[in-house]
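Asker: Quick one, fold the following:
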Amino acid sequence: MKDRIKKIRKQLDLTQQIFGERLGVKRNTVAQWESGINTLTEQMFKSICREFNVNEEWLRNGQGEMFIEMGQDEQIAAFIGGVLHDRGDSFKKRYISMLASLDESEWKTLEKILTNCNK
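Answerer: Residues are numbered from 1 along each chain as shown. Next comes the predicted model:
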(Lines give C-alpha, C1' and ligand atoms only; values in the text may rest on other atoms or scores of the structure.)
Protein backbone atom coordinates (compact mmCIF):
# COMPACT_ATOMS: atom_id res chain seq x y z
CA MET A 1 0.00 0.00 0.00
CA LYS A 2 2.90 2.37 0.70
CA ASP A 3 3.88 2.21 -2.96
CA ARG A 4 0.32 3.05 -4.03
CA ILE A 5 0.26 6.18 -1.86
CA LYS A 6 3.49 7.36 -3.46
CA LYS A 7 2.18 6.46 -6.91
CA ILE A 8 -0.93 8.63 -6.37
CA ARG A 9 1.18 11.54 -5.21
CA LYS A 10 3.61 11.23 -8.12
CA GLN A 11 0.78 10.80 -10.65
CA LEU A 12 -0.75 14.05 -9.37
CA ASP A 13 2.68 15.73 -9.41
CA LEU A 14 2.42 16.75 -5.76
CA THR A 15 5.15 17.10 -3.18
CA GLN A 16 4.76 15.31 0.13
CA GLN A 17 4.15 18.75 1.66
CA ILE A 18 1.26 19.67 -0.68
CA PHE A 19 -0.22 16.15 -0.57
CA GLY A 20 -0.20 16.31 3.23
CA GLU A 21 -1.65 19.83 3.36
CA ARG A 22 -4.60 18.76 1.23
CA LEU A 23 -5.25 15.96 3.72
CA GLY A 24 -4.59 18.03 6.83
CA VAL A 25 -1.41 16.18 7.84
CA LYS A 26 2.29 17.08 7.93
CA ARG A 27 4.86 16.20 5.29
CA ASN A 28 6.59 13.72 7.61
CA THR A 29 3.31 11.82 8.03
CA VAL A 30 3.16 11.32 4.27
CA ALA A 31 6.81 10.24 4.27
CA GLN A 32 6.06 7.68 6.99
CA TRP A 33 3.17 6.25 4.97
CA GLU A 34 5.33 6.02 1.87
CA SER A 35 8.15 4.31 3.74
CA GLY A 36 5.79 1.88 5.47
CA ILE A 37 6.58 3.13 8.98
CA ASN A 38 2.94 4.05 9.59
CA THR A 39 -0.24 2.72 8.01
CA LEU A 40 -3.34 4.66 7.03
CA THR A 41 -6.26 4.95 9.40
CA GLU A 42 -9.71 4.15 8.07
CA GLN A 43 -10.50 7.85 8.07
CA MET A 44 -7.36 8.65 6.06
CA PHE A 45 -8.25 5.98 3.47
CA LYS A 46 -11.55 7.77 2.97
CA SER A 47 -9.91 11.21 2.92
CA ILE A 48 -7.38 10.25 0.24
CA CYS A 49 -10.09 8.72 -1.93
CA ARG A 50 -12.37 11.73 -1.56
CA GLU A 51 -9.70 14.43 -1.94
CA PHE A 52 -7.91 12.89 -4.93
CA ASN A 53 -10.76 10.91 -6.55
CA VAL A 54 -8.94 7.63 -5.91
CA ASN A 55 -10.64 4.26 -6.31
CA GLU A 56 -10.74 2.87 -2.76
CA GLU A 57 -10.42 -0.74 -3.96
CA TRP A 58 -7.24 0.19 -5.82
CA LEU A 59 -5.78 1.99 -2.79
CA ARG A 60 -6.55 -0.90 -0.44
CA ASN A 61 -5.80 -3.88 -2.69
CA GLY A 62 -4.27 -2.64 -5.93
CA GLN A 63 -7.30 -3.82 -7.91
CA GLY A 64 -9.03 -1.78 -10.59
CA GLU A 65 -8.11 1.66 -11.86
CA MET A 66 -6.22 4.15 -9.70
CA PHE A 67 -8.69 6.98 -10.23
CA ILE A 68 -12.46 7.08 -10.52
CA GLU A 69 -13.55 8.44 -13.88
CA MET A 70 -15.21 11.82 -13.50
CA GLY A 71 -17.77 13.61 -15.60
CA GLN A 72 -17.19 17.11 -16.91
CA ASP A 73 -18.81 18.87 -13.93
CA GLU A 74 -16.81 16.74 -11.49
CA GLN A 75 -13.56 17.46 -13.35
CA ILE A 76 -14.23 21.20 -13.24
CA ALA A 77 -15.11 21.08 -9.54
CA ALA A 78 -11.98 19.06 -8.72
CA PHE A 79 -9.79 21.45 -10.71
CA ILE A 80 -11.26 24.54 -9.06
CA GLY A 81 -10.95 22.90 -5.64
CA GLY A 82 -7.28 22.21 -6.33
CA VAL A 83 -6.70 25.79 -7.46
CA LEU A 84 -8.32 27.10 -4.30
CA HIS A 85 -5.93 24.98 -2.22
CA ASP A 86 -2.92 26.50 -4.00
CA ARG A 87 -1.04 28.89 -1.81
CA GLY A 88 -0.05 32.32 -2.99
CA ASP A 89 -0.69 34.02 -6.28
CA SER A 90 -0.30 31.12 -8.71
CA PHE A 91 -0.83 31.43 -12.45
CA LYS A 92 -3.83 29.10 -12.17
CA LYS A 93 -5.49 31.37 -9.59
CA ARG A 94 -4.83 34.49 -11.64
CA TYR A 95 -6.15 32.82 -14.80
CA ILE A 96 -9.34 31.53 -13.15
CA SER A 97 -9.89 34.97 -11.60
CA MET A 98 -9.52 36.59 -15.02
CA LEU A 99 -12.00 34.11 -16.54
CA ALA A 100 -14.46 34.78 -13.73
CA SER A 101 -14.43 38.49 -14.56
CA LEU A 102 -15.33 38.07 -18.25
CA ASP A 103 -18.70 39.29 -19.46
CA GLU A 104 -20.75 37.38 -22.04
CA SER A 105 -19.31 39.21 -25.07
CA GLU A 106 -15.76 38.53 -23.87
CA TRP A 107 -16.62 34.81 -23.49
CA LYS A 108 -17.83 34.77 -27.09
CA THR A 109 -14.63 36.45 -28.27
CA LEU A 110 -12.51 33.97 -26.32
CA GLU A 111 -14.48 31.06 -27.77
CA LYS A 112 -13.85 32.36 -31.32
CA ILE A 113 -10.13 32.71 -30.66
CA LEU A 114 -9.84 29.22 -29.18
CA THR A 115 -11.95 27.66 -31.93
CA ASN A 116 -9.67 29.20 -34.54
CA CYS A 117 -6.59 27.86 -32.71
CA ASN A 118 -7.90 24.29 -33.04
CA LYS A 119 -8.31 24.48 -36.84
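
Asker: pLDDT wise, what is L12 at?
Answerer: L12 carries a pLDDT value of 93.

Asker: Okay, the closest residue to it other than its chain neighbours and C117: tell me how far apart.
Answerer: Counting by CB to CB, 6 or more residues apart in numbering, F52 is the residue found nearest to L12 once chain neighbours are left out, at 6.3 Å. Glycine gets a C-beta too; all of them are placed from N, C-alpha and C. F52 sits 31 Å away from C117 when distances are taken as CB to CB, to the nearest Å.

Asker: Which one of those two is surrounded by more residues?
Answerer: Neighbour count, other CB atoms under 10 Å: between F52 and C117, F52 has more, with 21 against 7.

Asker: Contact partners for the more buried one?
Answerer: 8, 12, 22, 67 (CB atoms under 8 Å, 6 or more residues apart in numbering).

Asker: for D103, same thing?
Answerer: D103 neighbours (CB under 8 Å, 6+ apart): none.

Asker: same check, this time on K46
Answerer: E56.

Asker: any idea how far it lies from Q17?
Answerer: Taking CB to CB, one finds K46 at 22 Å from Q17.

Asker: again with E56
Answerer: Separation of E56 from Q17 (CB to CB): 24 Å.

Asker: same deal with K26?
Answerer: From K26 to Q17 the distance is 8 Å (CB to CB).
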